[in-house]
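# need a structure here:
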Amino acid sequence: MTKYFIVIVSLFLSLTLFAKENQKGGKYPHFIFKATTIDGKNIDLADHIGKKLIMVNFWATWCAPCRYEIPDLINLQEEFKDKLIIVGVSLDRYVDSVKIFSQKYKFNYPVVHDDGTLNYYYGGIASIPTTFIINYEGKIVERIIGARSFDVFKEFVVKYLKKN
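Sure thing, here's the model as predicted:
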């Protein structure tokens, strides 16, 4: 009985520590993160809840499948710029290589460098690229493992776009 109590209390505390307040006093799960982009700007996914569909793409500069899908993600962000925000999360060891890479490819969406925290928030990333789609309510609705084309990503986006 004591073991179960300890497990329940530990789980409750961990969820409480990682949740954060939203503007209406509620709590967001820990994967709705705040971070600083590689160009020094702040991003808070909570600012987009209810306004835009969110895609979080874990990738690295040395990953060939990741490099394959980046032009398609750039095109997707351009096509759905008013309804979608893509956030790239680089798992590279050094942020300088990410900065050089992102300038070369002219990213039109924010990129953050992960220190291991964001990877943890999403349950650990075992394979890249891995992309998560977060709906308007702030819930993960898709986990896409592996590279995808523009058309496949577009199908996912259209599926979850807010119906007006």
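
# mind checking the backbone torsions on the residue lying closest to I133 once chain neighbours are set aside?
Among residues not flanking I133 along the chain, E142 sits closest, at 4.0 Å (Cβ to Cβ, 6 or more residues apart in numbering). Where you see a C-beta, it was placed from the backbone N, CA and C, and this is true even at glycine. When read as degrees, to the nearest 10, the backbone of E142 gives phi -150, psi 140.

# For the protein, which residue occupies the most central location?
In the chain, the residue lying closest to the centroid (Cα atoms, centre = their mean) is V56, at 2.2 Å.

# Bridging across strands, which residues link to that residue?
Under the criterion DSSP bridges, V56 forms beta bridges with V87, F132.

# burial count for C66?
21 (other Cβ atoms under 10 Å).

# check contacts around T130.
T130 is in contact with N57, F58, Y122, R143, I144, I145, G146, counting by Cβ atoms under 8 Å, 6 or more residues apart in numbering.

# Would you quantify the distance from it to K27?
Distance, T130 to K27, using Cβ to Cβ, to the nearest Å: 25 Å.

# mean confidence score for stretch 147-162?
The average pLDDT within stretch 147-162 is 95.

# which of the residues in it are buried?
By neighbour count, with 16 or more other Cβ atoms under 10 Å as the criterion, the buried positions of stretch 147-162 are A147, R148, F153, K154, F156, V157, Y160.

# hang on, the earlier thing: and the residue nearest to I133, what does it touch?
By Cβ under 8 Å, 6+ apart, the contact set of E142 is T131, F132, I133, F156, Y160.

# Redo those residues as a markdown table? Include distance to K41.
Listed next are the contacts of E142 as a markdown table, based on distance: Cβ to Cβ, whole Å:
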| residue | distance to K41 |
| --- | --- |
| T131 | 21 |
| F132 | 21 |
| I133 | 23 |
| F156 | 26 |
| Y160 | 26 |
